[in-house]
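Asker: 3D model of this:
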Amino acid sequence: MPRSVRVLGPAVLTAVALIATVVALSAGGGAAPLDFQDPGPVTRWGVPIAKLFVNLGAAGMIGALVLAVWALSPERREFDRALDVAAASAGVLTVASAATGFLSFLLVTGKSVAFDDAFGASLGQFLTAIPLGQAWLATTLIAAAVTVLAFAVRNHTALVFVAVLAVVALVPMAQQGHATGSVGHNEAITALGLHLVGAAVWLGGLLTLVLLQRSFEPGRLPIVLARYSSIALICFIVVAVSGYASAALRVGEWAELATPYGGLVIAKVAALIALGLFGAWQRGFWIRRLSGADAASQRAAGAGSAGAVGAGAGGEGGDRHPLGTSGRSWSQSSPSWASPRAWPQPSPARPPPSPRRCRRSGRRPPRSSPANRCRPGRNGGASSRSGGPT
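Answerer: Numbers count the residues shown, from 1 in each chain. The predicted structure is shown next:
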């Protein structure tokens, strides 16, 4: 896949997310001026946009790490490239979390940016004593640690713990999603945390597949897509169940579905069902088609197939070629000892000696026989000129 396509995919994703955020804020009034201590338009619009990059960075970080641990081989180049994606995404999360924490401080306090001791003391107290500030500070520090570890660690087993640490970065974010003391607080926090993890692995794994297109060897893409399909299926179930639990806690009664929030819930349910059906369709189309395609066809359809697998969450396991080798030839999938090149080869036939050489040694030329040797002379031995048999 050309570099322009690999760059265009994440760029389109970011642009669409930004447009959706702006439209939602404009329609819902989330960035409307406050009646008391309004911090200004930069802060009001900056907080949700910074949170958008927090979500994208967390998805890329967790999705790339889970994909590397679950679906990629440490001996291949794709493994290192996935860790580079994880490190870069963790860096985006670090910066975005720090920006969100700072803008949240301005939004809560209504202060303007100043370079005096009083402003610094208030910011320090917010980050260390206020739960909202503590949450963003913890997210920033964990994301910074994952950034370093994703660059430094290449051991497959150690990366499992790095992935767990990356998931822990979502815990402070989940704790902000429901007011403390409300009915069903613990259930809401658990459901939101699972929802965030499932969506991050789902979206981040898809984004990583798009960015790693040129790193896959020929015939490798269908295998990785099938493995990612298993992850996406689990994420689909987690997102659906946790989303239902969160909606049930917030909506409460069926009559609340007629409210604007209820309409949003219905739209999300419809979108999730559509993605599931689309994923089931592409599961039997793109992966099966790529299993029998050549390298050029795989790269040409790479972005579309990865998008289809990620959108629909695929199915369990991997599609199999009719020979049971995921589209690879028998010689590629068999062990080295099964290759005909590894079998013992017979020694080449010994060329027959020339008649002149046989006569010089007092022997007769050979007849057609497997030995291909000079026959003894008429006197039963070699000539005196030969000095012995040859």
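
Asker: Now the host helix or strand of Arg227: buried residues?
Answerer: Here Arg227, judged by DSSP states H and E, is contained in helix 221-251. For helix 221-251, burial by neighbour count (16 or more other CB atoms under 10 Å) applies to 221-233, 235-236, 238-240, 242-243, 245-247, 249-250. (C-beta placed from N, C-alpha, C; glycine too.)

Asker: same for that helix, what does it pack against?
Answerer: helix 41-70, helix 185-211, helix 260-283, helix 286-291, helix 302-312 (3 or more CB pairs under 8 Å, 6 or more residues apart in numbering; DSSP states H and E).

Asker: who does the helix ranked longest in the chain touch, helix- and strand-wise?
Answerer: Using DSSP state H to assign secondary structure, the helix with the most residues in the chain is helix 77-109. Applying 3+ CB pairs under 8 Å, 6+ apart, we find helix 77-109 packed against helix 41-70, helix 117-129, helix 131-152, helix 156-168, helix 185-211.

Asker: could you redo the last one with a cut-off of 7 Å?
Answerer: helix 41-70, helix 117-129, helix 131-152, helix 185-211 (3 or more CB pairs under 7 Å, 6 or more residues apart in numbering; DSSP states H and E).

Asker: Tell me how many other residues crowd Ile59.
Answerer: Actually, residue 59 is Ala rather than Ile. 24 (other CB atoms under 10 Å).

Asker: who are the neighbours in contact with it?
Answerer: 199-200, 203-204, 207 (CB atoms under 7 Å, 6 or more residues apart in numbering).

Asker: And for it, nearest residue in space, chain neighbours not counted?
Answerer: Gly204 (3.9 Å; CB to CB, 6 or more residues apart in numbering).

Asker: Could you verify my assumption that the one you found touches Gly60?
Answerer: Yes - counting by CB atoms under 7 Å, Gly204 does reach Gly60; the two are 4.9 Å apart.

Asker: what residue ranges in the stretch 101-250 of the chain are flagged as low confidence?
Answerer: Scanning the stretch 101-250 of the chain for pLDDT under 70 picks out 177-184.

Asker: how near is the residue nearest to Ala68 when sequence neighbours are not counted to Pro222?
Answerer: Setting aside the residues directly before and after it, Ala68 is nearest to Ala82 in space (CB to CB, 6+ apart), at 4.2 Å. Distance from Ala82 to Pro222, counting by CB to CB, to the nearest Å: 17 Å.

Asker: and if you look at Ala240?
Answerer: In terms of CB to CB, Ala240 sits 26 Å off from Pro222.

Asker: swap in Ser89?
Answerer: 25 Å.

Asker: since we're on the closest residue to Arg227 other than its chain neighbours, how many residues are nearby?
Answerer: Distances taken as CB to CB, 6+ apart put Ala71 closest to Arg227, at 3.6 Å, once the chain neighbours are dropped. Using other CB under 10 Å, the number of residues around Ala71 comes to 22.

Asker: Ala71 contacts Pro222, correct?
Answerer: No - in this structure Ala71 lies outside contact range of Pro222 using CB under 7 Å: 11.8 Å.
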